[in-house]
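In: what follows is a predicted structure for the sequence shown.
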Amino acid sequence: MNMHFRRSPDGAQLIATDEAGIETGLYIPVDADGAGQGLRAMQLMIMSLGACATVDVLSILKKQRQEVAGYNIEAHADRDTSHLPAPWEKAHLVFTFTGGKVDPEKAQRAVELSMVKYCSATETLRRAGAEITWEVIIR
């Protein structure tokens, strides 16, 4: 994978561009002459965790012919801010399924497979020392 990073013309943000040309504006703090707006790098790590798990979970449930109507994840993460760098210590994800026809056991298993076996973002954070936990709610 190749990524390109450049400061925006107005200097307010860092622009990240992937190989397909898709751009995302990232945070540059005010004390570094940025606007203090945009996604922060550490936020993106937790967003990646949720996105990676979503791909796995929805794919697994689709193969099992489960009808997922509403789906969301709430992520709660904590960093060790006692020193720098300040890595993620733990993250807890709450997967919620609403509507549709989703077997609770299949949803539980799909999330477990993602979090233990398939999600590269989860494994990356785990190898860095973060504790990753989760729960599944069916409404």
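Out: Cool, the structure landed. Numbers count the residues shown, from 1 in each chain.
In: helices of the chain, start to end?
Out: 41-63, 104-113, 120-127 (DSSP state H).
In: how many neighbours does Glu23 have?
Out: Glu23 has 12 neighbouring residues, counting by other C-beta atoms under 10 Å. Yep, even glycine has a C-beta here, placed from its N, CA and C like the rest.
In: so what sits opposite it in the bridge?
Out: Thr17 (DSSP bridges).
In: residues contacting it?
Out: Contact analysis of Glu23 by C-beta atoms under 8 Å, 6 or more residues apart in numbering lists Ile15, Ala16, Thr17.
In: show me what counts as buried in the least confident helix or strand in the chain by mean pLDDT.
Out: Within the chain, no helix or strand scores below strand 23-27, which has a mean of 93 by mean pLDDT, DSSP states H and E. Residues Leu26, Tyr27 are the ones in strand 23-27 that count as buried (16 or more other C-beta atoms under 10 Å).
In: next one: stretch 72-87
Out: Ile73, Ala77.
In: what sits up against it?
Out: Contacts of stretch 72-87 (C-beta under 8 Å, 6+ apart): 42, 46, 49-50, 53-54, 88-96, 128-130.
In: what do you get if the cut-off is 6 Å, keeping everything else the same?
Out: With C-beta atoms under 6 Å, 6 or more residues apart in numbering as the test, stretch 72-87 has contacts from Ile46, Gly50, Trp88, Glu89, Lys90, Ala91, His92, Leu93, Val94, Phe95, Thr96.
In: redo the helices of the chain as a markdown table? Include mean neighbour count.
Out: Output for the helices of the chain, formatted as a markdown table (neighbours: other C-beta atoms under 10 Å):
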| stretch | mean neighbour count |
| --- | --- |
| helix 41-63 | 17 |
| helix 104-113 | 17 |
| helix 120-127 | 16 |
